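> What shape does this take:
(2 chains)
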Amino acid sequence: MKRVLILTGSVAAIALGGAVAQDQQLTIVSWGGAYSNSQIKAYHEPYTEKTGVKIVNEDKSANALAGIRAQVEADNVTWDVVDMLQADAQRACDEGLLEIIDHDEWLAPAPDGTPASEDFVEGQLGDCYVPQILYATMFAYNTEAFPDGEPQTIEDIWDVEKFPGTRALQQIPQKNLEWALIADGVPDDEVYEVLATPEGQDRAFAKLDEIKDHVIWWSEGAQPPQMLADKEAVIATAYNGRIFNAQVNEDQPFEIIWDRQMLESDGWVVPVGNEDKMELIRDYLYFATDTQRLADQAKYISYGPARTSSAPLVGTFEDTDIDMKPHMPTNPENLETAVNFDVQFWTDYGDALEERFNAWVAG
Amino acid sequence: MASTEGVIKEPILAADGTPLKQALRRSQARERRAAFFLVAPLLLFILIVFAVPIASMIWRSVYNPEVRNFLPQTASALQQWDGEDVPPEPVFQAMAADMIVGVENRTIGRAAARINREIPGARSRMMRTARAVDEWSAPYSEKFLEADERWADLEFWRLLKRETRLITPAYYLLALDYEYTAEGEIRPRPEVYQIYKSLFWRTAWMSMLITGICILLAYPISYLMATQPTRIANLLLILVLLPFWTSLLVRTSAWIVLLQQQGVVNELLVALDIIDERGRLRMIYNRTGTIIAMTHILLPFMVLPLYSVMKTIPPSYLRAAKSLGAHPFRAWWRVYFPLTIPGLAAGCILVFILAIGYYITPALVGGDSGIFISNLIAQNMQGSSAQLKLAAALATILLAAVLIIYWVFNKLVGVDKLKFG
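The predicted structure is shown next:
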């Protein structure tokens, strides 16, 4: 893919006779797999075609924060634009690792002239952060494993008698602890209150203990669909777009449990230390986050665009007749029992809970 | 008598008239210099890629500049504070000044991140206050407490005072599952956070077990190889070397294919009706997986030294022992086995030291119960809650442990007796 991009890049550059663009190159860090693919098709390829700038992809977003910290500390920043989770972006921004973004100056207004700061979904823009998509993390299962009765709710996940088999969970405390509390009977809107207390944390870990022997762990978004397909796991938490990709592109018999899905945004940040390339970086960001581009991405993966103005432009999957709307995590039907993921809670309690979680997993 | 003394005192001269001793020293110095220049590139290389990084790692594990560098005025104001009561106004004033500078330079988040490790929630409190502080005026202590009453928390200030020290043992304590409180008292961490000590033990005993299994498997194979005719011995040697030359990743992946629940071994057992569909064995992503895969990968390191030593033992020794009336086992135990010890010891130290630092195989097939300390070191270098300094402390402890094991081994067996092949 990389080579194809470079090739199209240089061909386009020669065609345009753009002597400046020819040796220009952006290194963009993202999550890999189906997700990177949707960005390549919706953002990178059109941008290369338009400007001739080469785009190099690195699939390192799972370690974005640690990576940016190390690069900035060593004063050797090689990443130009990084795709990152909102909570991590806030931390990195506080630590001075990221460029501060003036949203209305850096980003394109909506087609009707609404400034960017008002066009993005409320509460998602950050000082150093431009969201692209809203994605859900939720449970999914392989229907072949449950011929007589399929799991429907979070409680079913914990019912290993009725729904036997291995569960694949993401190896982070985020979301797993929330779901554990909900499965233990904590009302959805009190989850974070309970999780802030030592007793609540004990309770969540005790609930996870119940299924620990039935759990294998994943860390990259591409793993859970693979584990479900190989039947290494029969139920897995996953990003909804990855499951969609397996359903549509690979004809896998997977089903999503939308119950208690957790909605988060994912977006771009710019590490400090690339001052000499800033013009190019800003040009790319302006292009890649405009209304049309965000709507285009939804053609390739079932994530909701982070701009309000993009929503009406979302159509069908890769110009087939598969309507994207029912697959979107933002579809009202899928949102019915959604739990609000609390970014602020995790900036405060992330360190302590991650440490405890890692000790719990390895112990 | 007198004349003899005179002769001895008279220095022996070289051909050019300089004293011989001096000439010798000069020519030897020239040789030494030449030798030094010859090895200089290698020395420099080792210094740059080995000694310097390790020294810097050890330095990082104790260096703690966040509070001192990013809250300098608060740090010095806190030195006057006795820790008994809410700090006086000058401390708050210094904190306000530091925050204004910290917000402008965008460094305040780094100090806040350090404190948040110990007091969850401190980060957002510090950040919120820091964003508001430039609108405030004296007396600051009132303003701080008005904004958030937790600014009166003595624990926070004591911790901040402790953190003003540039050198900290905190990461070593963490690496051994201890913590030291804001008052400077050292105590075990709450049980739910304890992990590293048990991981060090697990790494040690599993490495020992793997070494033990390697001995059991390698000894007969090596013996066979050493006693068979060359043609067969060479064939066996190739069978040992082929996997040895195959990439570690390929071999580990092959074990995943074989051992996973939908894998070859399980399918075979189900097909033969030895186990039923529900009872598929879990042989990977746990301790068993790590032991099987690592034993296989490290086996050649045991076979090769053993084989090279066994090959040099003349079969006539055993025959002689037997002809003198020894029982075959006694002959083997008293004559043959002692002669293989140099190879056995070399194999053991190779396998064991390689095993305790192993990373990739436990990471791929170890699941959660089969990971090693190196996997936790890596975990502390990645992810959003990465603690590079804790990783450095853990790695330093691992390095020290290996050196100690090597030293003990040297005392017991003697490194000069080893035969690596």
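> Could you break the chain into its assigned domains?
Going with chain A. Taking automatic domain parsing as the domain assignment, the ranges for chain A are A:2-134+A:265-322, A:135-264+A:327-362.
> nope, chain B
Taken from automatic domain parsing, chain B resolves into B:66-164, B:196-417.
> Quick one: those as CSV, columns for distance to chain A and mean pLDDT too.
In this view, the C-beta of every residue, glycine as well, is placed from N, C-alpha and C. Formatted as CSV, these follow (distance: least, C-beta to the nearest C-beta, whole Å; pLDDT from 0 to 100):
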stretch, distance to chain A, mean pLDDT
domain B:66-164, 3, 91
domain B:196-417, 4, 91
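> right, so of the ones you listed, which gets closest to residue A:149?
domain B:196-417 (16.8 Å; C-beta to C-beta).
> and that closest one, how far from the chain's centre?
Distance, stretch centre to chain centre, for domain B:196-417: 18 Å (C-alpha atoms, centre = their mean, to the nearest Å).
> now swap in stretch A:286-294 and tell me
Worked out by C-alpha atoms, centre = their mean, stretch A:286-294 lies 17 Å from the chain centre.
> So for that stretch, mean pLDDT?
Here stretch A:286-294 scores 95 as its mean pLDDT.
> Could you work out the end-to-end span of it for me?
11 Å (C-alpha to C-alpha, to the nearest Å).
> Surely residue A:62 is in contact with residue A:218?
No. With contact defined as C-beta atoms under 8 Å, residue A:62 does not count as touching residue A:218 (10.7 Å).
> Could you check which of those two has the larger neighbour count?
residue A:218 (21 against 17; other C-beta atoms under 10 Å in any protein chain shown).
> quick one: residue B:309 from residue B:320, how far?
19 Å (C-beta to C-beta, to the nearest Å).
> now what about the helix or strand where residue B:255 lies, what contacts it?
Per DSSP states H and E: residue B:255 is located in helix B:248-259. The contact list for helix B:248-259 (C-beta atoms under 8 Å, 6 or more residues apart in numbering or on different chains) reads B:243, B:263-266, B:283-284, B:289, B:292-293, B:296-297, B:360-361, B:364-365.
> again, 7 Å this time
Contacts with helix B:248-259, where a contact means C-beta atoms under 7 Å, 6 or more residues apart in numbering or on different chains, come from B:243, B:263-265, B:283-284, B:289, B:292-293, B:296-297, B:360-361, B:364-365.
> And stretch A:38-47, by the same measure?
Contacts of stretch A:38-47 (C-beta under 7 Å, 6+ apart): A:1, A:5, A:30, A:53, A:55, A:57, A:284, A:287-288, A:293, A:296-297, A:300-301.
> Most neighbours among those residues, which one?
residue A:301 (27 neighbours).
> Would you mind confirming that that one is in contact with residue A:34?
Yes. Using C-beta atoms under 7 Å, residue A:301 is in contact with residue A:34, at 5.8 Å.
> Now the common contact residues for these two.
A:241, A:245.
> now the helices for the stretch 51-200 of chain B?
B:52-62, B:66-70, B:72-78, B:89-105, B:108-118, B:122-132, B:140-147, B:154-162, B:170-175, B:196-227 (DSSP state H, counting those that start in this stretch).
> Out of those helices, flag the one nearest residue A:142.
Nearest to residue A:142, of the helices of the stretch 51-200 of chain B and by C-beta to C-beta, is helix B:196-227 at 33.1 Å.
> helices or strands up against the closest one?
helix B:230-245, helix B:287-310, helix B:337-356, helix B:373-379 (3 or more C-beta pairs under 7 Å, 6 or more residues apart in numbering or on different chains; DSSP states H and E).
> in it, what counts as buried?
B:196, B:199-200, B:202-204, B:206-207, B:210-211, B:213-214, B:218-219, B:221-223, B:225-226 (16 or more other C-beta atoms under 10 Å in any protein chain shown).
> can you tell me which residues contact the residue most central in space within chain A?
By C-alpha atoms, centre = their mean, chain A has its centre lying nearest to residue A:266, at 4.7 Å. Neighbouring residues of residue A:266 by C-beta under 7 Å, 6+ apart: A:83, A:85, A:131-133, A:135.
> Give me the distance between the closest residue to residue B:19 other than its chain neighbours and residue B:336.
Closest residue to residue B:19 apart from its sequence neighbours, by C-beta to C-beta, 6 or more residues apart in numbering or on different chains: residue B:11 at 4.1 Å. Taking C-beta to C-beta as the measure, residue B:11 falls 60 Å from residue B:336.
> what about these two, which has more around it?
residue B:336 (17 against 11).
> which secondary structure elements does the longest helix along chain A contact?
Secondary structure assigned by DSSP state H gives helix A:343-362 as the longest helix of chain A. In terms of contacts (3+ C-beta pairs under 7 Å, 6+ apart), helix A:343-362 is packed against helix A:86-94, helix B:122-132.
> can you list the ones you listed in JSON lines and add distance to residue A:248 and mean neighbour count?
Shown next, in JSON lines, are the helices and strands packed on helix A:343-362 (distance: least, C-beta to C-beta, whole Å; neighbours: other C-beta atoms under 10 Å in any protein chain shown):
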{"stretch": "helix A:86-94", "distance to residue A:248": "27", "mean neighbour count": "24"}
{"stretch": "helix B:122-132", "distance to residue A:248": "40", "mean neighbour count": "20"}
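> Please convert those helices to CSV, extending it with distance to residue B:147.
Shown next, in CSV, are the helices and strands packed on helix A:343-362 (distance: least, C-beta to C-beta, whole Å):
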stretch, distance to residue B:147
helix A:86-94, 18
helix B:122-132, 6
